[in-house]
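# need a 3D model of the sequence below.
(one chain, ligands or ions: 1)
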Amino acid sequence: MWWNEVRMLASFAFSYTSRRIPCCGAGDGREEKLMDHVLQNAERNPESVIQTMDAFAKSGTWFMSIGDRKGKILDAALQKRKPALVLELGSYCGYSAVRIASQLAIPGSKLFTVEINPRYADIARQIIDHAGLSSQIHQLPGPLSSQIEALQLALKSSSLDFVFMDHSKDYYLEDYLLLKNFKLIGDGSVVFADNMGFPGSPQFWNYLHRGEGQELETEYHQTKVEYLDWINDTVAISTFRG
Ligand SMILES: C[S@@+](CC[C@H](N)C(=O)[O-])C[C@H]1O[C@@H](n2cnc3c(N)ncnc32)[C@H](O)[C@@H]1O
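Numbering: from 1, shown residues only. Modelled structure (predicted):
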């Protein structure tokens, strides 16, 4: 058991200190290995895909997917809001996209997921297809600013019910304000921000705390970083009161 934790620590440290992929990630092929493992071992349904991804990560390779512990906080927020229109920023390998889309109960519900790295977007596409969710999940190349008009068109002037922010932490505030300016955030929209504790998003944190973001009613959940027991993290779940 301790050996696994040491491997996980080394894997996490490598991922965080490596600069081989400018926007995020280790660039050591771990994502391709995860995809091959899923395609070969998971049954073609969301539950099996999620379990297979979690088990692969827990066997000693760290991934920046939200993981099972914070995933349960995400599940609870989705159950509470019961969204039909969801936006995810940061698809990575598709873990959270599969997790979110599998819980969208309202007929015609849609998840739009934005990913800036084409390599990760392609991995996510194959994993989403394996989970049988391709028709519900619409993948968009990032950044959000390049897609905002297309998104507005696709939403037919409706606002989003739920936004999951899990991309570059430097963009949380900028992209939230972009959505707000384009009126894609409306009364009752929920904004779920991951990693507010680690590595943190100082701009968005200050916006929530220093009075500017008064339109957002926020609750915080103390938790741990994905797949690690010894680094604290916080997620912020905000509801827009327009
Ligand atoms: C923490 S991972 C997302 C994990 C994923 N949500 C999950 O839980 O399975 C962050 C992802 O955001 C992507 N990313 C970084 N900056 C971005 C941006 N400005 N727009 C869209 N994606 C971005 C990275 O390439 C990476 O795949």
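# please give me every residue in contact with the most centrally placed residue in the chain.
Residue closest to the average C-alpha location in the chain (CA atoms, centre = their mean): Asp166, at 4.2 Å. By CB atoms under 8 Å, 6 or more residues apart in numbering, the contact list for Asp166 reads 66, 88-90, 92, 96, 194-195. Placement of C-beta: from N, CA and C, glycine included.
# cool, Glu174 as well?
Residues near Glu174 by CB under 8 Å, 6+ apart: Gln203.
# before we move on, which element is it in?
In the assignment (DSSP states H and E), Glu174 maps to helix 172-181.
# what residues sit buried inside that helix?
Using 16 or more other CB atoms under 10 Å as the test for burial, helix 172-181 gives 172-173, 175-180.
# now the element after it, going C-ward?
Helix 172-181 is succeeded, C-terminally, by strand 185-193 (DSSP H and E).
# ok, that next one: who's next to it in the sheet?
strand 160-165 (parallel), strand 232-240 (antiparallel) (DSSP bridges).
# quick one: mean pLDDT over the helix or strand following it.
Moving toward the C-terminus from strand 185-193, the next helix or strand (DSSP H and E) is helix 202-209. Summarised as a single mean, pLDDT over helix 202-209 is 95.
# and for stretch 129-137?
Here the average pLDDT along stretch 129-137 is 98.
# other residues contacting that stretch?
Stretch 129-137 is contacted by residues 38-39, 42, 44-46, 49, 94, 97-98, 101-102, 104, 109-113, 125, 128 when judged by CB under 8 Å, 6+ apart.
# does it come close to the ligand?
No: judged by CB under 6 Å from any ligand atom, stretch 129-137 stays clear of the ligand, getting no closer than 12.2 Å.
# and the closest residue to Leu144 other than its chain neighbours, how far is that from Asp166?
In space, and not counting its chain neighbours, Leu144 is closest to Asp175: 4.8 Å by CB to CB, 6 or more residues apart in numbering. Asp175 sits 11 Å away from Asp166, going by CB to CB, to the nearest Å.
# likewise Gly29?
Noted for Gly29: a distance of 22 Å to Asp166, by CB to CB.
# same check, this time on Gly213
19 Å.
# could you do Tyr207 as well?
Following CB to CB, the distance that separates Tyr207 from Asp166 is 17 Å.
# go on, Lys180?
Per CB to CB, Lys180 is found 18 Å from Asp166.
# ends of stretch 199-214, how far apart?
24 Å (CA to CA, to the nearest Å).
# let's have the chain start at 99 instead
Done: numbering now begins at 99, and the last item shifts to stretch 297-312.
# looking at it, Glu315 is touching Thr337, isn't it?
Yes: judged on CB atoms under 8 Å, Glu315 makes contact with Thr337 at a distance of 4.9 Å.
# look at those two and report which has more neighbours.
Using other CB atoms under 10 Å, the more surrounded residue of Glu315 and Thr337 is Thr337, with 17 against 12.
# quick check: residues of this protein near the ligand?
121-122, 162-164, 187-188, 190, 193-194, 212-215, 218, 240-242, 264-266, 269.
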